[in-house]
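# Next come a sequence and a model predicted from it.
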Amino acid sequence: MVKIKVENVSKTYRWGEEDIHVLKNVSLDIHDKEFTAIVGESGSGKTTLLNLMGGLDMPDSGMISIDEKSLSSFTHPEIAAFRGSNLGFIFQLYNLLQDFTVIENVMLPHYILSKNKKESLNKAKELLVKLGLSNRLDYYPSRLSGGEQQRVAIARALINQPEIILGDEPTGNLDKDNRERVLEILLNLKQEYGFTMVIVTHDLKIAEIADRSVRLNYGTLENS
């Protein structure tokens, strides 16, 4: 079953007087529960493609569908609600709220949807304990190591039990030991929860262990 369908997608950005063709007629099927790695050098269009898959931006031409629903058919409030319920994002620089504690960062996406503070706190605590952060619940992000911050970000991505996890270089800002630990955590969680996972990366180790890897080369997709 195809979970995410990318059909003839192109995206161009204006830079001064120049048009930058970031993606050029890209087509890709991501299957349900599959772990796909999209590899490529900086500037190859990886992050742009991921943002389009996640409905954070829209293509200039072509179409992206999730479960046969075109993202371009949603209104802005609808796409925001769809993201909150169905997608989890993990970023290279964690994107944690610095004035919120660890448990507040993780519970927030669930609370926005449920409006049930007790339930959101319990779910957040359960995930943080699972990720080995039970003694960091009331810490602020500035007190955490890079590896700990990324584990918080993973817990936040999972709090609403999304069917799809999208990762933008989730190990790119970590040292070797933390890269390996975060990758092991993601693989174990994928097996436990059964989500579809797409990671864009320049880390060939991730490409090696993915179910499938594809390469973006100056906006054009190639099979790896």
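That came through fine. Residues are numbered from 1 along each chain as shown.

# For this structure, give me the ranges with low pLDDT.
223-224 (pLDDT under 70).

# mind listing the strands for it?
For the chain, applying DSSP state E gives strands covering 2-15, 18-31, 35-39, 61-66, 69-70, 87-91, 164-168, 196-201, 212-217, 220-223.

# and the first one, what does it pack onto?
The reference is to strand 2-15. strand 18-31, helix 46-53, strand 61-66, strand 196-201 (3 or more CB pairs under 8 Å, 6 or more residues apart in numbering; DSSP states H and E). To be clear about C-beta, it is placed using only N, CA and C from the backbone, and glycine gets the same treatment.

# quick one: the longest helix along the chain to strand 164-168, angle?
Across the chain, the longest stretch assigned as helix under DSSP state H is helix 176-193. Interaxial angle, helix 176-193 versus strand 164-168 (axes from the mean of the first three to the mean of the last three CA atoms, to 10 degrees): 170 degrees.

# got the CA positions of helix 176-193 in CSV?
This file holds the C-alpha atoms of helix 176-193, laid out as CSV (Å, rounded to 0.1, in the frame of the first residue of the first chain):
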residue,chain,number,x,y,z
LYS,A,176,29.1,9.3,16.8
ASP,A,177,27.9,7.6,20.0
ASN,A,178,24.7,9.7,20.1
ARG,A,179,24.1,9.2,16.4
GLU,A,180,24.1,5.5,16.9
ARG,A,181,21.9,5.6,20.0
VAL,A,182,19.3,7.9,18.4
LEU,A,183,19.2,5.7,15.2
GLU,A,184,18.8,2.6,17.4
ILE,A,185,15.9,4.3,19.3
LEU,A,186,14.2,5.2,16.0
LEU,A,187,14.5,1.7,14.6
ASN,A,188,13.2,0.1,17.8
LEU,A,189,10.3,2.6,18.1
LYS,A,190,9.4,2.0,14.4
GLN,A,191,9.2,-1.7,15.1
GLU,A,192,7.1,-1.2,18.2
TYR,A,193,4.7,1.4,16.8
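
# Start at 29, not 1
With 29 as the first residue, the last one maps to helix 204-221.

# which parts of it are buried?
The neighbour-count check on helix 204-221 (16 or more other CB atoms under 10 Å) flags 206-207, 209-211, 213-214, 217-218 as buried.
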